[in-house]
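J.: The sequence and its predicted three-dimensional model are supplied below.
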Amino acid sequence: MSKQRRPARASLIWASASATAAPAYQPRVQGESVPGASTAIAEPATQEPTTRGLAKPGPTERTATARAPRMRPRPPAQVAGAAKRSARQTTRAVGAETMRGRVPGPNGLHPLTDLDGNARLQCYEDRVKAAFDRIVPVLKQISALQHESDFEQHAQSIARAELGFDLPEHMLADAWVTQLDLRRLFAWCVFETYRRMADDFFANDPLGGREVHAFDRFIQDCGFHQLDVTPCADGRLAHAISYVLRLPFGAVRRKPYAGGLFDVENTVSKWGEVELGRFREGVPNTADAPTRYLKTVIYHYSSVDPHHQGCAAHGSNDAAAAQAALDRLLAFRQSVENGFCCGASVALLLIGMDTDTDAIRAHVPDGEGRMDLTQSVDAIKVYAITRDLEPTAARARVAELVKAHAPATADPGMLRLVARLIENNLSQIDYVRQVHGGRYADAGHAERFVGVGIGFEEIQLRNLTYFAYLYTVEEGAADLDVGRKIFGGLNVSRGLPIPIVIRFDYHGGVPGARERAATRCRRLDAALADRFADLDDRGLLHRLLVVRDSDAGTGIEVVGSSLDAQMSGGH
Ligand SMILES: [Zn+2]
């Protein structure tokens with residue numbers, strides 16, 4: 001019997017169950033409703049009546065009628081700032097009502113696509129990204145008014161109406177005598193938008209990711225008691241759990257690393273923690289249950305521009321990315337077996353992901369856990385083969401195709417899990433087809449801010465955040481320099497600062513942990529200001545310092561900011 005995860009295991013992205021109704025994990029077919037989806041779908045962001053869309057036709061085989069019949073216009077306020085970030089805005093509305101009633105067939109969606117899930121996910125993605133993308137147009141509008149007599153009142157009313165919050169009065173107060181400091185104001189707005197997004201995420205569980213029971217039961221039935229996933233830290237994979245694989249994030253340990261090259265020692269330590277939990281507390285199941293810890297890496301590639309938009313950590317060499325991830329997986333298994341005798345072993349799974357279409361390929365291991373990089377089951381092909389079948393037949397065919405593309409000795413539980421992941425991915429393939437015309441317009445980077453430190457459970461969206469997971473600037477220097485280069489193009493070239501959220505999660509049950517996390521934030525802040533002094537001196541680098549008690553399952557706590565007059569004086 002599956003037991004509820006205890007909050008103490010919220011060490012990484014674990015969280016206690018939320019009271020919010022979450023969608024059931026089980027895959028759905030057309031017409032089935034999702035608990036809690038109706039309220040999300042009612043969000044006005046995706047319900048605007050539309051006439052023209054901005055999305056360019058995607059290079060897919062689908063006809064126009066296969067795409068969402070309604071497309072969302074850009075509100076006038078967003079048009080002004082659209083030139084540089086047009087890729088970020090290129091989405092189409094896919095309300096559930098526009099997708100319901102479709103039948104499987106050449107021009108329809110896949111019969112196993114979760115329509116309500118897609119509508120709910122789009123609603124969330126649109127809402128969050130639009131909140132960030134409104135900032136520049138609104139500041140342009142406000143900037144034009146700064147020498148008017150009632151500037152402060154006028155600016156606040158615009159901010160309230162367009163952004164949903166007031167601007168800090170002291171930043172507006174001196175505008176009549178000096179120039180409005182738009183760089184500081186921009187950074188402040190990005191941080192405030194991030195804070196509000198995080199508060200909403202932890203308070204309302206908008207993705208329903210904390211409903212883990214059904215998934216826990218499912219993976220245990222498949223023979224696994226823990227799913228631990230390392231996607232590449234690239235922002236284009238930040239939605240891998242909640243969108244691409246459609247898994248409840250609360251049930252999956254997500255630990256991104258650049259190039260998928262996870263820390264073996266850290267993972268062995270986590271494995272030990274999980275096994276001890278089984279021995280001591282029977283969580284998530286008792287130690288005598290014949291289940292294994294499953295470690296998965298997601299490497300990535302680009303079908304549109306394979307030589308430039310693949311994994312930067314591997315020079316856009318897909319084969320090298322896959323091989324490096326596989327080597328790291330094998331090193332992890334070897335470490336466990338060497339350290340904990342022959343009876344201790346773990347299961348491994350390697351997944352590839354096309355960052356243009358979100359389609360996955362799975363390299364199913366044989367009975368000995370060996371994986372062949374030339375052998376995989378590709379969701380995009382499974383989609384094409386099964387799209388005209390009835391749901392029940394399609395599901396059976398997916399399972400057959402997974403088995404046919406796996407080694408003969410593959411573990412039946414692994415085959416079941418992979419079939420489920422492929423089936424879940426079919427919904428995401430349709431999501432990208434419907435919302436983004438088949439391939440993302442922002443094939444490259446389009447992140448809104450940089451996230452540095454450890455944590456960031458609330459980031460479940462593609463291309464929202466560039467991550468650098470690190471404890472010290474020294475250990476993450478390479479990732480930080482890449483981040484600087486990316487944001488040099490995205491922000492600095494437009495005169496905008498690079499907004500960095502410095503974040504450390506801590507265990508509230510450990511005495512002194514909060515203070516240590518806050519100290520770590522401050523140390524990292526000083527090191528970043530020092531490393532990028534040329535930007536900092538010109539007001540082109542701003543930081544928000546944030547900690548979070550991962551045991552309590554509560555939201556983030558802001559402990560400082562470079563926008564804080566007191567704090568900037570301290571450096
Ligand atoms: Zn990568």
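T.: Cool, got the structure.
J.: Get me the contact residues on the stretch 251-400 of the chain for the ion.
T.: C311, A313 (C-beta under 5 Å from the ion). Backbone N, C-alpha and C define where each C-beta goes, glycine included.
J.: just the residues of this structure that are near the ion, which are they?
T.: C232, D234, C311, A313.
J.: which pair in those spans the largest distance?
T.: Farthest pair in those (C-beta to C-beta) is D234 and A313. Separation: 8.1 Å.
J.: What ranges does the stretch 101-250 of the chain have for its strands?
T.: Under the criterion DSSP state E, counting those that start in this stretch, the stretch 101-250 of the chain contains strands at 224-231.
J.: ok, which stretches of it are helices?
T.: Applying DSSP state H, counting those that start in this stretch to the stretch 101-250 of the chain gives helices spanning 115-133, 135-143, 151-162, 169-173, 182-204, 213-222.
J.: Of the ones you listed, which stretch is the most buried?
T.: Greatest average neighbour count among the helices of the stretch 101-250 of the chain goes to helix 115-133 (a mean of 23), per mean count of other C-beta atoms under 10 Å.
J.: Centre of the chain to that one, how far?
T.: Here helix 115-133 is found 13 Å from its chain centre; the criterion is C-alpha atoms, centre = their mean, to the nearest Å.
J.: between that helix and helix 151-162, how big is the angle?
T.: Interaxial angle of helix 115-133 relative to helix 151-162 (axes from the mean of the first three to the mean of the last three C-alpha atoms, to 10 degrees): 170 degrees.
J.: burial of the residue nearest to Q309 when sequence neighbours are not counted, as a residue count?
T.: Leaving aside its chain neighbours, Q309 sits nearest to S302 (3.7 Å; criterion: C-beta to C-beta, 6 or more residues apart in numbering). Neighbourhood size, S302 [other C-beta atoms under 10 Å]: 22.
J.: S302: what's it in contact with?
T.: Contacts here follow C-beta atoms under 8 Å, 6 or more residues apart in numbering; on that basis S302 touches H308, Q309, G310, S316, D354, T355, D356, A443.
J.: Check what pLDDT the first one gets.
T.: It stands for H308. Confidence at H308, expressed as pLDDT, is 89.
J.: and it, what does it touch?
T.: Neighbour list for H308: S302, S316, G444 [criterion: C-beta under 8 Å, 6+ apart].
J.: now, among those residues, which is nearest to L401?
T.: S302 (24.3 Å).
J.: distance of that closest one from the ion?
T.: According to C-beta to the ion, to the nearest Å, S302 stands 10 Å off from the ion.
J.: Can you name every helix or strand that the longest helix anywhere in the chain contacts?
T.: Using DSSP state H, we find that the single longest helix of the chain is helix 412-436. Packing partners of helix 412-436 (3 or more C-beta pairs under 8 Å, 6 or more residues apart in numbering; DSSP states H and E): helix 115-133, helix 213-222, strand 347-354, strand 360-363, helix 379-386, helix 391-404.
J.: what sits against L348?
T.: Residues in contact with L348, defined by C-beta under 8 Å, 6+ apart, are L294, K295, T296, L329, L330, F332, R333, P365, G369, M371.
J.: Just give the closest residue to it, not the sequence neighbours.
T.: Nearest one to L348, counting by C-beta to C-beta, 6+ apart, is L329 at 4.5 Å.
J.: What are the phi and psi values at that neighbour?
T.: Per-residue torsions, L329: phi -60, psi -50 (degrees, to the nearest 10).
J.: since we're on it, how many residues are nearby?
T.: A count of nearby residues for L329, using other C-beta under 10 Å, gives 26.
J.: about what we covered before: what is the mean pLDDT for the helix or strand just after the longest helix of the chain?
T.: Next in sequence after helix 412-436, counting helices and strands by DSSP states H and E, comes strand 449-454. Across strand 449-454, pLDDT averages out at 92.
J.: do stretch 200-219 as well
T.: Averaging pLDDT along stretch 200-219 gives 95.
J.: before we move on, back to that, least trustworthy position among the contacts of H308, going by pLDDT?
T.: Ranked by pLDDT, the contacts of H308 bottom out at G444 (72).
J.: Select from the residues of the chain next to the ion the one having the most neighbours.
T.: For the residues of the chain next to the ion, the largest number of neighbours (other C-beta under 10 Å) sits with C232, at 29 neighbours.
J.: Might you name the residue of the stretch 301-450 of the chain sitting closest to the ion?
T.: With C-beta to the ion as the measure, C311 is the residue of the stretch 301-450 of the chain nearest to the ion, at 3.2 Å.
J.: what stretches of the chain score poorly on pLDDT?
T.: 1-107, 342-344, 443, 565-571 (pLDDT under 70).
J.: re the thing from before, just put the contacts of H308 in JSON lines and tack on distance to L417.
T.: Below are the contacts of H308 laid out as JSON lines (distance: C-beta to C-beta, whole Å):
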{"residue": "S302", "distance to L417": "26"}
{"residue": "S316", "distance to L417": "29"}
{"residue": "G444", "distance to L417": "32"}
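J.: Which residue ranges make up each domain of the protein?
T.: If you go by automatic domain parsing, the domain ranges for the chain are 135-204+445-570, 213-436.
J.: First residue to last residue on the last one, what's the distance there?
T.: Using C-alpha to C-alpha, to the nearest Å, one end of domain 213-436 lies 32 Å from the other.
J.: hang on, Y293 in a strand?
T.: Yes. Counting by DSSP: H, G, I helix; E, B strand; the rest coil, Y293 falls inside a strand.
J.: show me the contacts for it.
T.: Y293 neighbours (C-beta under 8 Å, 6+ apart): F224, H225, Q226, D228, W271, V274, E275, V346, A347.
J.: And for H542?
T.: H542 makes contact with R183, R184, A187, F191, P497, I498, P499, I500, S561, S562, L563, according to C-beta under 8 Å, 6+ apart.
J.: As JSON lines, these with distance to P407 would be great.
T.: Shown next, in JSON lines, are the contacts of H542 (distance: C-beta to C-beta, whole Å):
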{"residue": "R183", "distance to P407": "56"}
{"residue": "R184", "distance to P407": "58"}
{"residue": "A187", "distance to P407": "52"}
{"residue": "F191", "distance to P407": "50"}
{"residue": "P497", "distance to P407": "52"}
{"residue": "I498", "distance to P407": "47"}
{"residue": "P499", "distance to P407": "47"}
{"residue": "I500", "distance to P407": "45"}
{"residue": "S561", "distance to P407": "53"}
{"residue": "S562", "distance to P407": "53"}
{"residue": "L563", "distance to P407": "56"}
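J.: which residues sit in contact with A396?
T.: Residues near A396 by C-beta under 8 Å, 6+ apart: none.
J.: Tell me who's in contact with the closest residue to A379 other than its chain neighbours.
T.: Nearest residue to A379, sequence neighbours excluded (C-beta to C-beta, 6+ apart): N425, at 4.3 Å. The neighbours of N425, taking C-beta under 8 Å, 6+ apart as the test, are V244, L245, R246, D358, A359, I360, A379.
J.: make it 7 Å
T.: Going by C-beta atoms under 7 Å, 6 or more residues apart in numbering, N425 touches V244, L245, A359, I360, A379.
J.: Report the two of the residues you listed separated the most.
T.: Every pair of these checked by C-beta to C-beta; the farthest is L245 and A359, at 11.7 Å.
J.: Check the burial of H507 by counting its neighbours.
T.: The criterion is other C-beta under 10 Å. On that basis, H507 has 17 neighbouring residues.
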